[in-house]
Structure formats: structure tokens, C-alpha cells
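K.L.:
take this sequence and fold it.
(one chain, ligands or ions: 1)
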Amino acid sequence: MTKLYVALVHHPIKNKRNELVTTSVTNLDIHDISRSSRTYGAEHYYIITPLKAQHELVNRILGHWEKDKNGAYNPDRQDALAFTSIANSIEEAVEKVKEAEGVNPLVVVTGANFEEYDGKMKDVCRKANIDKRPILLLFGTGWGLHASVVESADFRLEPLIGNASDGYNHLSVRSAVAIYLDRFKEALD
Ligand SMILES: C[S@@+](CC[C@H](N)C(=O)[O-])C[C@H]1O[C@@H](n2cnc3c(N)ncnc32)[C@H](O)[C@@H]1O
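P.N.:
Numbers count the residues shown, from 1 in each chain. Model prediction:
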């Protein structure tokens, strides 16, 4: 069965003017994406940021729940956070997946505004299955993944498109992760 690793990228990210920036980690993204990923059987959730101060913040948030005596009353949250960790870069996350799986993952990128893409979740799952490689699914923050990440990826996923008649399309990253996780499950069924 194809294995899935989820990562939230804070660098390299683009801002409103398409410039390369590093975004800040948010508490909600740590908790919600961790719980969704764990629920859908992902192997691990990486929070990617090169900023040491942000590492401390993430570790404090994760460590807080591990050590909290009251955590005993909230085992689900503890369980979800146990498989969440930091990577300094996308390359480091790829390396960690390779260490765990013995093979390089297919790096798959997501975005709301791709003009060109390689296919749907079922297509990349088929490819991963044939190649016997895990998937590392990258999500953006800020105004999305920087072009350098999108261009160098192994697979660009078809964007999620809703039904809004005026074309409104502004999902939070947490919603986008949950939808793609459900599509991953459907693709494996
Ligand atoms: C650009 S960030 C926006 C972050 C924002 N601060 C928030 O509210 O979450 C949203 C990320 O979620 C994913 N995403 C959002 N909408 C999407 C869509 N329609 N199709 C595919 N991916 C989408 C992409 O990974 C994108 O980089």
C-alpha cells in the first residue's frame, strides 16, 4: 500500500508580490493538520522551517502536550502530535523519508492556481504504487509554494475547485489538507 507523508512548508514560500519569503508557524496548523493526517493514516507530518526560533516554538507546543499531566485525559491529541516533527528544509524532509523507507519519496505539490498540473490524487497513487515509492505531499503557507518548489516537484496535483459561481477559491491550508487526505483514502480503496 502506498505510504503518505504530509509536510507544511514555511520556506521557500511566495508573498503577495511573488517574492521568496519565510512564513511563521501557526498553532492551529500544527494541531489540526497533525490530527487530520494521523486520522487518515499518514506516516508522519513534517513542519518545514529553517528558523531556529520557530523550532523552539513548535517544540514547546509539541512538548507541552507530551508532558502535560492533563494529556492523559486527551490521548487522541497526544497520539496525533507524537508523529509530528520539524525539518529544516524540504530536502531534509525528503532525506528523512528516504531513511525511513529506503527509497526517495515522490515529491507532490499542491496549489490553488496551477496553470499546468500532472493529474489527480488517484493518478499519483497509481504512479507511486508502480514505482514502489512513498508520497511526500507538500502544502504551502503565505501565498503558496514558491515557483522553485513547484517546478522541481515530481508531480503537481490538480487544484481543488469548488462550486462558487463567481470563482471564489480561498481554502485554508487545513481544509485543503483534509480534502486531499480524503481523496488519498478514496484512491487506495
Ligand atoms: C496559500 S496557503 C494559504 C495559507 C493561509 N494563511 C491559510 O489560511 O491557511 C494555502 C495552501 O493550501 C493548499 N490549497 C489551498 N487551496 C487549494 C486549492 N484550491 N487547491 C489545491 N491546494 C490548495 C495549497 O497547499 C496552498 O499553498
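
K.L.:
can we go C-alpha only for contacts and neighbour counts from here?
P.N.:
Will do.

K.L.:
and the host helix or strand of Leu28, what's buried?
P.N.:
According to DSSP states H and E, Leu28 maps onto helix 27-39. Buried residues in helix 27-39, counted by 16 or more other C-alpha atoms under 10 Å: Asp29, Ile30, His31, Asp32, Ile33, Ser34, Arg35, Ser36, Ser37, Arg38.

K.L.:
do stretch 37-55 as well
P.N.:
37-38, 42-50, 54-55.

K.L.:
what about that stretch, how long is it end to end?
P.N.:
20 Å (C-alpha to C-alpha, to the nearest Å).

K.L.:
that older thread, now, which of the buried residues of stretch 37-55 lie within helices?
P.N.:
Using DSSP state H, the subset of the buried residues of stretch 37-55 located in helices is Ser37, Arg38, Gln54, His55.

K.L.:
not counting sequence-adjacent ones, nearest residue to the last one?
P.N.:
Looking back up the chat, that one is His55. Ile86 (6.9 Å; C-alpha to C-alpha, 6 or more residues apart in numbering).

K.L.:
list the pairing partners of the strand or helix carrying the one you found within its sheet, with orientation.
P.N.:
Applying DSSP H and E as the criterion places Ile86 in strand 84-87. Applying DSSP bridges, strand 84-87 is found paired with strand 44-48 (parallel).

K.L.:
all strands for the chain, in order.
P.N.:
4-9, 13-14, 20-21, 44-48, 84-87, 106-109, 135-139, 155-156 (DSSP state E).

K.L.:
pLDDT on stretch 145-155, on average?
P.N.:
Average pLDDT, stretch 145-155: 97.

K.L.:
picking up where we left off before, wait, which of the strands of the chain is closest to Gly63?
P.N.:
Minimum separation from Gly63 across those (C-alpha to C-alpha) falls at strand 84-87, 10.7 Å.

K.L.:
what does that closest one rub up against?
P.N.:
The list of residues contacting strand 84-87 from outside it, by C-alpha atoms under 8 Å, 6 or more residues apart in numbering, reads Ser34, His44, Tyr45, Tyr46, Ile47, Ile48, Thr49, Pro50, His55, Val58, Leu62, Ala93.

K.L.:
what does stretch 117-126 give?
P.N.:
Against stretch 117-126 from outside (C-alpha under 8 Å, 6+ apart): Thr2, Phe155, Arg156, Leu157, Glu158, Tyr180, Arg183, Phe184, Glu186, Ala187, Leu188.
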